[in-house]
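Undergrad: After the sequence you'll find the predicted model.
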Amino acid sequence: QVQLVESGGGLVEAGGSLRLACVASGRSFRSHILGWFRQAPGKEREFVAAVAWSGWNLYATSVKGRFIVSVDNGQDTVFLQMNKLKPEDTALYYCAATPNTSNQYDRDYIYWGQGTQVTVSS
């Protein structure tokens, strides 16, 4: 079992920045890849980024160059630094964990956090 707790969401103006955090705990969480997903009202949940505790990472095309995913092994925390935010980035952001090598689809993920809301005003 892996537990995930997100924090750091909020309201920001377009062009601004926010940093989300996801604290992981439980058995074998370090053998899992951590992913960030988001879901806007009326839309399907979509992949944002994935990161391994080794530092390997992967980004969706829509956020590449603006978002940075990283890990802090000492704090058991994964971060999503979001820069140059756009109104279309507004969504509920989720942290998730998977033991699978396939990690770009929400169906691959087993454990989910409760989500943190990000709202970008124009």
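TA: Structure received. Residues are numbered from 1 along each chain as shown.
Undergrad: Please look at residue 83 and residue 63 and confirm they touch.
TA: No - with contact defined as C-beta atoms under 8 Å, residue 83 does not count as touching residue 63 (9.6 Å). C-beta here means a position set from N, CA and C on the backbone, and glycine is covered the same way.
Undergrad: Between these two, which has more neighbouring residues?
TA: The residue with more neighbours, out of residue 83 and residue 63, is residue 63; 23 against 14, by other C-beta atoms under 10 Å.
Undergrad: how near is residue 10 to residue 71?
TA: Distance check for residue 10 against residue 71: by C-beta to C-beta, to the nearest Å, it reads 22 Å.
Undergrad: The two: which is more packed in?
TA: The neighbour count for residue 10 versus residue 71, taken as other C-beta under 10 Å, is higher for residue 71 (21 against 13).
Undergrad: Chain neighbours aside, what residue packs nearest to the residue nearest the centre of the chain?
TA: Nearest to the geometric centre of the chain sits residue 36, at 2.4 Å (C-alpha atoms, centre = their mean). Closest residue in space to residue 36, ignoring its immediate chain neighbours: residue 48 at 4.2 Å, by C-beta to C-beta, 6 or more residues apart in numbering.
Undergrad: Next: residue 104.
TA: Residue 104 sits nearest to residue 47 (C-beta to C-beta, 6+ apart), 5.0 Å away.
Undergrad: Please report the distance of the one you found from residue 36.
TA: Taking C-beta to C-beta, one finds residue 47 at 8 Å from residue 36.
Undergrad: before we move on, what about residue 67?
TA: Residue 67 is 8 Å from residue 36, by C-beta to C-beta.
Undergrad: low-scoring stretches of the protein, by residue?
TA: For the chain, no stretch is flagged by pLDDT under 70.
Undergrad: rerun that using 80 as the cut-off
TA: 101-102 (pLDDT under 80).
Undergrad: now the strands for it?
TA: 2-7, 10-13, 18-26, 33-39, 46-51, 57-59, 67-72, 77-82, 91-98, 111-112, 116-121 (DSSP state E).
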